[in-house]
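J.: Here you go, sequence then predicted model.
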Amino acid sequence: MAPHQNSDDPCDLFVIGGGINGCGIARDAAGRGLSVLLAEKGDLAGATSSASTKLFHGGLRYLEYFEFRLVREALIERETLLRAMPHISWPMRFVLPYHRDMRFESETPTSRLLSAVMPWMKGRRPAWLIRLGLFLYDHLGGRKILPATSTLRLGGTPEGAPLQERFETAYEYSDCWVEDSRLVVLNARDAEARGATILTRSEVVSAEVRDGLWSVTVAQGGERRTYRARMLVNAAGPWVGDVIHGKLRLNSRENVRLVRGSHIVTRRLYAHDKCYFFQGTDGRITFAIPYETDFTLIGTTDAEHDDPARKPVCTEAERDYLCAFASQYFKRPVTPDDVVWTYSGVRPLYDDGATSATAATRDYTLKVDRSAGAPVLNVFGGKITTYRRLAEAALEKIGGALPLSSGAWTAGVPLPGGDFAHDGAPALAVALRRDYPFLTEVWARRLVRAYGTEARELLGSAREAADLGRDFGATLTEAEVVWLIQREWAQTAEDVLWRRSKLGLRLTDAQARALDDWMAEHRARSARAAE
């Protein structure tokens, strides 16, 4: 990784936060000629950006809130992103089973409108309205790769097999999957390749303006360093408000609304590779998604979260809610005994005064504050699908304060390892097995889905598995761990097993501890060698 920028030299842009918005903005800005420094207090994607539902999607339910601009932008972005990162994102088909008793959430604008003009509907979601929504979903974004919506008779089909008999018809539409935390790391890597400095485990303690420049104090490994910058970007996610009021001490009325979304991962609940879009009797929706080959991901909830310092966890009540929700659809009830892992993240939404967490806008809001004497851009909200467009919008604002060498450039430019056809991952895995015969099919597919064309560089000249060093379990080798340490800022077993991959689902506790011990020793050896 690149050496740290000299703290005596002012940079153009200092980005606070190593989630998807911070890393996306850093990448875009570095590509436009700005000198960029990014500081993340923990690991990259250590909070919200590794705890999403892991979908590149337009947000079908946002149509009920009349958020047409957000949905259209997200729909257009799906195919832009598929082309730029075909290793970590791919198309999926979503099956939306229909029955007459489906209800709107009572607070949606669509629900209120229909209740006013069709009171006899009593809050039901009629089939014609769902078809209208899917028609808009198909046509708002100008699809070229993704297939259109179709109607599916469930009887005798793989899609209908796991569902209760009362579901006879479904609508099938397209959206996309993304490996969220890998997306963050690859943006950080590309930002660094374009000249940015990325500091992890580096917490911004305070910032103030001196002589027209931001002076930013950062705690790094027990030491404090001061960096100077012409402009700040506050992309701290759930901590954006804390940065505004606590670190920068700005008198701003802008506020963030924290909404917790929890997920459960169960043993695999059905055999096919399509997702389900379930609508509950309470008007909410959840997804059931094929996950890591042998599992099913179910989520998400929407609950208020009052304190970003309180680690979000999936509560027993949320777990039971998601199990009960899915059990309204599946023949075999989903129980807590099926759950093998849970996770939860906090969405830092812009506080638009909505009456409920579910109704709060998912659109992003960007605000430039110059009251301190130097500019800061505060980033609120956003969806992982629109992170690249959010970065472009941020650079438009940044361009009002700093000179940019070029215009928007990121559309279609691949992330590291993504320089192959959008549908080329299977062929890449076949070629990898041909050239490295010791790889199993599962191992080759995992490497391609994580590293794309860079998988060959990781494997190097290995002729057999032993050439890759220690085997930590579940196809994780010493060579891969060293790659993640040297190229992707990984420092602990958690970084490797739950953010750079999801191999934590497959390693035992003893294997995870052994990996953590090995990485700690590797850090100590590296520190001694650097002395």
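T.: Yep, that arrived.
J.: Pretty sure residue 497 sits against residue 507.
T.: Yes - between residue 497 and residue 507 a contact is recorded at 6.3 Å, counting by Cβ atoms under 8 Å. C-beta coordinates here come from the backbone N, C-alpha and C atoms, glycine included.
J.: Settle it for me: which of these two has more neighbours?
T.: Neighbours were counted for residue 497 and for residue 507 using other Cβ atoms under 10 Å; residue 497 has more, 23 against 20.
J.: Which of the three states applies to that one?
T.: State at residue 497, reduced to three classes by DSSP: H, G, I helix; E, B strand; the rest coil: helix.
J.: Now do the phi/psi pair for residue 98.
T.: Main-chain dihedrals, residue 98, degrees, to the nearest 10: phi -120, psi 140.
J.: tell me the contacts of it?
T.: For residue 98, the contact set (Cβ atoms under 8 Å, 6 or more residues apart in numbering) comprises 127, 130, 167, 169-171.
J.: What separation do you get for the spatially closest residue to residue 68 that is not a sequence neighbour and residue 52?
T.: Spatial nearest neighbour of residue 68, chain neighbours left out: residue 140 (7.1 Å); criterion: Cβ to Cβ, 6 or more residues apart in numbering. Separation of residue 140 from residue 52 (Cβ to Cβ, to the nearest Å): 22 Å.
J.: Looking at those two, which one has more neighbours?
T.: residue 52 (23 against 18).
J.: wait, doesn't residue 277 sit right on residue 298?
T.: No - using Cβ under 8 Å, residue 277 is not in contact with residue 298; the gap is 11.7 Å.
J.: now the residue nearest to residue 68: how far from residue 94?
T.: 16 Å.
J.: Just give the number of residues close to residue 485.
T.: Residue 485 has 19 nearby residues by other Cβ under 10 Å.
J.: er, residue 327 I mean
T.: 14.
J.: One more: residue 460?
T.: 11.
J.: ok, for it, nearest residue in space, not its chain neighbours?
T.: Closest to residue 460 by Cβ to Cβ, 6+ apart is residue 479, at 7.2 Å.
J.: what's the answer for residue 23, then?
T.: Using Cβ to Cβ, 6+ apart, the nearest residue to residue 23 is residue 187, at 4.0 Å.
J.: is it true that the one you found touches residue 19?
T.: No - using Cβ under 8 Å as the test, residue 187 is too far from residue 19 to be in contact (9.9 Å).
J.: more crowded one of those two?
T.: Neighbours of residue 187 and residue 19, each counted by other Cβ under 10 Å, are more numerous for residue 187; the result is 31 against 28.
J.: my guess is residue 427 is in a helix, correct?
T.: Yes - according to three-state DSSP, residue 427 belongs to a helix.
J.: Number of residues surrounding it?
T.: 12.
J.: and if you look at residue 155?
T.: 11.
J.: center of the chain - which residue?
T.: residue 180 (3.3 Å; Cα atoms, centre = their mean).
J.: For that residue, give me its contacts.
T.: 20, 45, 49-52, 54, 384.
J.: Give me the distance between it and residue 172.
T.: 24 Å.
J.: gap between the two ends of stretch 268-279?
T.: Stretch 268-279 has its terminal residues 20 Å apart, counting by Cα to Cα, to the nearest Å.
J.: With stretch 297-307 instead?
T.: Stretch 297-307: ends 26 Å apart by Cα to Cα.
J.: tell me the mean pLDDT over that stretch?
T.: The pLDDT scores in stretch 297-307 average 91.
J.: Repeat that for stretch 427-440.
T.: Averaging pLDDT along stretch 427-440 yields 98.
J.: Convert that stretch to CSV, retaining C-alpha atoms only.
T.: Extracted in CSV, the C-alpha atoms of stretch 427-440 (Å, rounded to 0.1, in the frame of the first residue of the first chain):
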residue,chain,number,x,y,z
ALA,A,427,-15.8,-18.9,-17.8
LEU,A,428,-13.1,-17.2,-15.7
ALA,A,429,-13.6,-19.9,-13.0
VAL,A,430,-13.3,-22.7,-15.6
ALA,A,431,-10.1,-21.2,-17.0
LEU,A,432,-8.7,-20.8,-13.5
ARG,A,433,-9.2,-24.5,-12.8
ARG,A,434,-7.6,-25.4,-16.0
ASP,A,435,-4.5,-23.5,-15.2
TYR,A,436,-4.5,-24.4,-11.5
PRO,A,437,-5.8,-28.0,-11.4
PHE,A,438,-5.5,-28.3,-7.6
LEU,A,439,-8.5,-25.9,-7.3
THR,A,440,-11.9,-27.4,-6.6
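J.: List the buried residues of it.
T.: Using 16 or more other Cβ atoms under 10 Å as the test for burial, stretch 427-440 gives 428-429, 432-433, 436, 439.
J.: what does stretch 30-44 give?
T.: Here stretch 30-44 shows 30-32, 34-41, 43-44 as buried, counting by 16+ other Cβ under 10 Å.
J.: can you list those residues in a markdown table and add distance to residue 191, secondary structure and pLDDT?
T.: Formatted as a markdown table, those follow (distance: Cβ to Cβ, whole Å; DSSP: H, G, I helix; E, B strand; the rest coil; pLDDT from 0 to 100):
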| residue | distance to residue 191 | secondary structure | pLDDT |
| --- | --- | --- | --- |
| 30 | 5 | helix | 98 |
| 31 | 8 | helix | 98 |
| 32 | 11 | coil | 97 |
| 34 | 11 | coil | 98 |
| 35 | 12 | coil | 98 |
| 36 | 7 | strand | 98 |
| 37 | 10 | strand | 98 |
| 38 | 7 | strand | 98 |
| 39 | 13 | strand | 98 |
| 40 | 12 | coil | 98 |
| 41 | 18 | coil | 97 |
| 43 | 16 | coil | 98 |
| 44 | 11 | coil | 98 |
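J.: Tell me the one of those nearest residue 267?
T.: Closest approach between the buried residues of stretch 30-44 and residue 267, by Cβ to Cβ: residue 43, at 28.1 Å.
J.: I'd like the distance between the closest one and residue 496.
T.: For residue 43, the distance to residue 496 - Cβ to Cβ - is 10 Å.
J.: Please enumerate the shared neighbours of these two.
T.: residue 490.
J.: Neighbour count: residue 277 and residue 298, which is higher?
T.: Using other Cβ under 10 Å, the more surrounded residue of residue 277 and residue 298 is residue 298, with 27 against 21.
J.: Need the residues that contact the top helix by length along the chain.
T.: Using DSSP state H, we find that the single longest helix of the chain is helix 509-530. For helix 509-530, the surrounding residues in contact (Cβ under 8 Å, 6+ apart) are 470, 472-474, 476, 478, 481-482, 485, 490-494, 496-497, 504, 507.
J.: Ok, stretch 442-451 next?
T.: Stretch 442-451 has contacts (Cβ under 8 Å, 6+ apart) with 87-88, 179, 182, 293, 417, 425, 428-430, 432-433, 436, 439, 455, 458-459, 475, 500-501.
J.: Which of those fall within helices?
T.: 182, 425, 428-430, 432-433, 455, 458-459.
J.: need the helices for the stretch 201-350 of the chain, in chain order.
T.: 240-242, 316-327 (DSSP state H, counting those that start in this stretch).
J.: Single out the most deeply packed of these.
T.: By mean neighbour count, with neighbours taken as mean count of other Cβ atoms under 10 Å, helix 240-242 ranks first of those at a mean of 21.
J.: Please enumerate residues in contact with it?
T.: By Cβ under 8 Å, 6+ apart, helix 240-242 touches 17, 234, 236, 255-256, 308, 348, 378-380.
J.: where does it sit relative to the chain's centre, distance-wise?
T.: Distance of helix 240-242 from its chain centroid, counting by Cα atoms, centre = their mean, to the nearest Å, is 20 Å.
J.: ok, now which ones touch residue 220?
T.: 199, 201-202.
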